[in-house]
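In: predicted model and sequence below, questions to follow.
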Amino acid sequence: MERFWNEVEAAPREGIEEVQWSRFQEALRWAFERVPFYRDKLLQEGVRPERISSLEDLPELPFTTKSDLRYQYPLGLCAIDQGEVLLFQATSGSTGRPVIVPYSREDLEVWAECMARALWAAGVRPEDICQNAYSYGLFTGGLGYHYGAQRIGCAVIPASSGFTERQVVLLRDLGATVLFCTPSYALTIAEYAEKFGVDLRKLPLRIGHFGAEPWSVEMRDEIEERMGIEAYEMYGMTEMMGPGVAFSCRYRQLHINEDYFYPEVIDPVTEKVLPEGEEGELVLTSLGRRGMPLLRYRTGDLTALERGQCRCGRTLVRMKRILGRTDDMLIVGGVNVFPSQVEGVLLGFTELEPHYRIRIFKKGYMDAMAVEVEVKGEIYAAEARRTELERQVAEKLRQVVGVEVPVSLVAPGSLPRSEGKAKRVVDERRG
């Protein structure tokens, strides 16, 4: 059995629940006493902290939504004094006001602990050199990974995102053994390395840790093949702290750090808690968080929970890979389509490059979808082969998503590249 970073990772279920209940009681009291938003919301629902007598009573608490966070901009949910804040991070705010997240000293300790667990599970050790190609700034990825690697004792190369040619040079010249970035940017780095004649598979690089965007099993396999590494996954969100909410083990299972994040899965329509194993929307409650406590936060991510000991020995609850989001689900011809489904189909064709774009547009009064994807150079040059492959890909998409989706195979290098989160979906309905 592998060594764990912290003994709680393999604790008996009753031990985990005991920790959860203790921390939840404190989290509820802290939010009620220190955050007027929560005090007012709970009293409106007729709920006082003392009324909650066990974890089974959580459904009595109201949900917190992203809209709630934005209406409380900038620091309406902050539960500590200004002088206790050691760090501010924020969401991008691309769909409205950003969410500003304050961290106390205790919060940063928890964050480093959760990240260290995740990296340790991937095989990261003190002697490793970690190249951090996440953005250093308000985005939580850069500092989150930095804190986790430092907690283990690794050397960190704070490369940040962008300057892709330099990323390749640093990997080659400094002998990094671990790479942190988004999965789409990992493919961009691999592409640049091939362009400049650097074989990443012959470098000391052995582990990649990726997150911040959904990615398919097929994309993971593509990254591992092109970089010669083992690829691990991180799940998190700025609102809940950043990366470090959940992490993959050697058996590709995503484990939630449930001693700090209490998970539920609900039906996104009825808002009822679903039984273990049923797919629905993930809801998280922060445990032991001081700067910005969150009660029953609706993440918008669709998944399912599984308990019981994993083959890796961990007893932390497992979550299935994210199917999609309640708010990025596409409805085409009356059918629900998730971008992750499209990606899974495209990456199943070895003739295609892992760079694609989904276009959403109006066709009469209905929403329609089309896909553009890069194809390998030799096939793009052969019109008959390209046409036949377009037909095959379109047919496979129809079988998987249930609607007709026109497919265009475009020249290698013709689609925009990502240095952070990839923009896969282009909505043309708004002009």
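Out: Nice, I can see it.
In: can you list the weak-confidence ranges in the stretch 301-431 of the chain?
Out: 333-336, 365-366, 430-431 (pLDDT under 70).
In: same question for the helix with the most length in the chain, mean pLDDT?
Out: Looking across the chain with DSSP state H, the single longest helix is helix 13-34. Helix 13-34 carries an average pLDDT of 97.
In: name the residues of the next helix or strand after that helix that are buried.
Out: Toward the C-terminus, helix 13-34 is succeeded by helix 36-44 as the next helix or strand (DSSP states H and E). Of the residues in helix 36-44, 38, 41-42 count as buried by neighbour count, 16 or more other C-beta atoms under 10 Å. From N, CA and C alone the C-beta is placed, and that goes for glycine too.
In: could you redo those as JSON lines and give each row pLDDT and distance to S67?
Out: Formatted as JSON lines, those follow (pLDDT from 0 to 100; distance: C-beta to C-beta, whole Å):
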{"residue": "Y38", "pLDDT": "97", "distance to S67": "15"}
{"residue": "K41", "pLDDT": "95", "distance to S67": "13"}
{"residue": "L42", "pLDDT": "96", "distance to S67": "18"}
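In: if we can go back for a sec, so the longest helix of the chain versus helix 36-44, what angle?
Out: 100 degrees (axes from the mean of the first three to the mean of the last three C-alpha atoms, to 10 degrees).
In: flag every buried residue along helix 13-34.
Out: So, applying 16+ other C-beta under 10 Å, buried residues of helix 13-34: 16-17, 19-21, 23-28, 30-32, 34.
In: that older thread, nearest to E213 among the buried residues of helix 36-44?
Out: Set against E213, the nearest of the buried residues of helix 36-44 by C-beta to C-beta is Y38 (30.4 Å).
In: contacts only, for the spatially closest residue to that closest one that is not a sequence neighbour.
Out: Distances taken as C-beta to C-beta, 6 or more residues apart in numbering put A31 closest to Y38, at 4.2 Å, once the chain neighbours are dropped. Remark: with contacts taken as C-beta atoms under 8 Å, 6 or more residues apart in numbering, A31 is in contact with 38-39, 79, 293, 295.
In: how much space between A31 and T350?
Out: To T350, A31 is 51 Å away according to C-beta to C-beta, to the nearest Å.
In: make JSON lines out of the contacts of A31 and add distance to E230.
Out: Supplementary listing: the contacts of A31 in JSON lines, determined by distance: C-beta to C-beta, whole Å:
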{"residue": "Y38", "distance to E230": "42"}
{"residue": "R39", "distance to E230": "47"}
{"residue": "A79", "distance to E230": "39"}
{"residue": "P293", "distance to E230": "36"}
{"residue": "L295", "distance to E230": "37"}
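In: closest to V337 out of the residues you listed?
Out: Nearest to V337 among the contacts of A31 is L295, at 32.2 Å by C-beta to C-beta.
In: neighbours around the closest one, how many?
Out: 23 (other C-beta atoms under 10 Å).
In: to which secondary structure element type does it belong?
Out: When classified by DSSP: H, G, I helix; E, B strand; the rest coil, L295 comes out as coil.
In: that one and L28 touch, don't they?
Out: Yes - the pair L295 / L28 is scored as a contact, 6.9 Å apart, by C-beta atoms under 8 Å.
In: please parse this protein into its domains.
Out: 1-327, 330-427 (automatic domain parsing).
In: pick the most buried one from those domains.
Out: domain 1-327 (a mean of 19; mean count of other C-beta atoms under 10 Å).
In: distance from the chain centre to that one, please.
Out: Relative to the mean C-alpha coordinate of its chain, domain 1-327 is positioned 7 Å out (C-alpha atoms, centre = their mean, to the nearest Å).
In: show me what secondary structure element comes after the longest strand along the chain.
Out: The residue-count maximum for a strand in the chain (DSSP state E) belongs to strand 352-363. Scanning forward in sequence from strand 352-363 by DSSP H and E, the next helix or strand is strand 366-375.
In: return the distance of that next one from the chain's centre.
Out: Counting by C-alpha atoms, centre = their mean, strand 366-375 comes out at 24 Å from the chain centroid.
In: quick one: contacts of that strand?
Out: 330-333, 337, 342, 346, 351-353, 355-362, 386, 389, 393, 397, 403, 405-415, 429.
In: what's the angle between that strand and strand 352-363?
Out: Going by the same axes, to 10 degrees, strand 366-375 makes 160 degrees with strand 352-363.
In: strand 366-375 pairs with which strands, and in what direction?
Out: Pairing partners of strand 366-375, with direction, according to DSSP bridges: strand 352-363 (antiparallel), strand 407-410 (parallel).
In: flag the shaky bits of the stretch 51-200 of the chain, pLDDT-wise.
Out: For the stretch 51-200 of the chain, the stretches flagged by pLDDT under 70 are 92-96.
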